[in-house]
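Chemist: The following comprises the amino acid sequence and a computationally predicted model.
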Amino acid sequence: MNAVTALVAEDEVVLRAQLCGQLAALWPELAIVAQAENGIEALRLLERHRPDIAFLDIEMPGLSGLDVARQCQAHVVFVTAYDAHAVAAFEEGAIDYVLKPYDSARLAMTVRRLRDRVSVAPGALERVLRELAAAAPVRQHLRWINASHGGGVRLITVDEVCYFQADTKYTRVVTADGDALIRRSLKELQDELDPACFWPIHRSTIVNAVAIAGVSRDFRGRVRVLLKSRSEKLPVSEAHEHLFKQM
């Protein structure tokens, strides 16, 4: 009999490692064939590996776990920090869930349910996904930024931003006509920005997708982002090159 396979999609590295470790202890035969840090990568890896089970964090950059599940052919387990998501629909068995921080007893129950049903086709998810989407808290994304500019303060709407870049204790906010500094970390900003519009392309850079003109490669084959309103080319780390596979 072939091993049961799984994908784990969770944007927090430590939590992803914890979940994989607990699954290995509870279900040693389970083969985790892929791990994703955002929804776009999760979809790509699902298509490549076609796992039997997909553990999907509901709130991920790029695409949410709900968005990914709509295109998923695997048995879905949602990973969530919000009790509001754990509605009665989960108990119907079509979808299971794991709450963060991970509870071994709850995860063990999930593993038992998966073992029982993994040999049959996944159930229909449409109605359950609608209920979960309705139960999800409405997330308010960052709309404007107060930035130091000369001797004063400049109000910048996020639509004006071409990209954000880490700069020691500050973050550079770069617009078409200049830049400014804010005393906030890039990680703090990423948590508040709309992940559908603002893409991390490097550990030190988040780019506004609307500001992207295209991509190019340097003489070593490394990807660079070209901007519509600025001349610099932004380096893309290998971990984020998948965002531009279609360009």
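Modeler: Received it, and whenever you're ready, just let me know what you need. Just so it is clear, the model here is predicted, and its values are computed rather than measured. Numbering: from 1, shown residues only.
Chemist: low-scoring stretches of the chain, by residue?
Modeler: Counting by pLDDT under 70, the chain shows low-confidence ranges at 1, 82-94, 135-139, 245-247.
Chemist: who's in contact with A54?
Modeler: Neighbour list for A54: 6-7, 9, 42, 46, 68-69, 72, 74-77 [criterion: C-beta atoms under 8 Å, 6 or more residues apart in numbering]. C-beta coordinates here come from the backbone N, C-alpha and C atoms, glycine included.
Chemist: Doesn't it lie inside a strand?
Modeler: Yes: with the criterion set as DSSP: H, G, I helix; E, B strand; the rest coil, the secondary structure at A54 is a strand.
Chemist: Strand partners (parallel or antiparallel) of the helix or strand V8 falls within?
Modeler: Secondary-structure assignment from DSSP states H and E places V8 in strand 5-9. When sheet partners are counted by DSSP bridges, strand 5-9 sits next to strand 31-36 (parallel), strand 53-57 (parallel).
Chemist: Which parts of this protein are helices?
Modeler: If DSSP state H is used as the criterion, the helices of the chain fall at 13-26, 39-49, 65-69, 104-117, 126-135, 186-192.
Chemist: Would you mind measuring from the residue sitting furthest away from the middle of the chain to D177?
Modeler: Using C-alpha atoms, centre = their mean, the residue of the chain lying farthest from its centre is G151. It sits 37.5 Å away. Using C-beta to C-beta, to the nearest Å, G151 is found at 18 Å from D177.
Chemist: Excluding residues flanking it in the chain, which one is nearest T5?
Modeler: Once its chain neighbours are removed from consideration, T5 has its nearest residue in P51; the separation is 4.2 Å (C-beta to C-beta, 6 or more residues apart in numbering).
Chemist: which residues does that neighbour contact?
Modeler: Under the criterion of C-beta under 8 Å, 6+ apart, the neighbours of P51 are 5-7, 33-34, 74.
Chemist: Reformat those residues into JSON lines and put neighbour count and distance to P235 next to each item.
Modeler: Rendered in JSON lines, the data for the contacts of P51 read as follows (neighbours: other C-beta atoms under 10 Å; distance: C-beta to C-beta, whole Å):
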{"residue": "T5", "neighbour count": "18", "distance to P235": "34"}
{"residue": "A6", "neighbour count": "25", "distance to P235": "33"}
{"residue": "L7", "neighbour count": "24", "distance to P235": "28"}
{"residue": "V33", "neighbour count": "16", "distance to P235": "29"}
{"residue": "A34", "neighbour count": "18", "distance to P235": "25"}
{"residue": "A74", "neighbour count": "20", "distance to P235": "34"}
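Chemist: and those residues as CSV, adding distance to A166?
Modeler: Written out in CSV, the entries for the contacts of P51 read as follows (distance: C-beta to C-beta, whole Å):
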residue, distance to A166
T5, 37
A6, 34
L7, 30
V33, 33
A34, 28
A74, 36
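Chemist: doesn't T205 make contact with Q165?
Modeler: Yes: using C-beta atoms under 8 Å as the test, Q165 is close enough to T205 to be in contact (5.1 Å).
Chemist: shared neighbours of the two, which are they?
Modeler: Taking C-beta under 8 Å, 6+ apart as the contact rule, the neighbours common to Q165 and T205 are L186.
Chemist: which one is A74 nearest to, not counting chain neighbours?
Modeler: Computed as C-beta to C-beta, 6+ apart, the closest residue to A74 that is not its neighbour in sequence is A54, at 4.2 Å.
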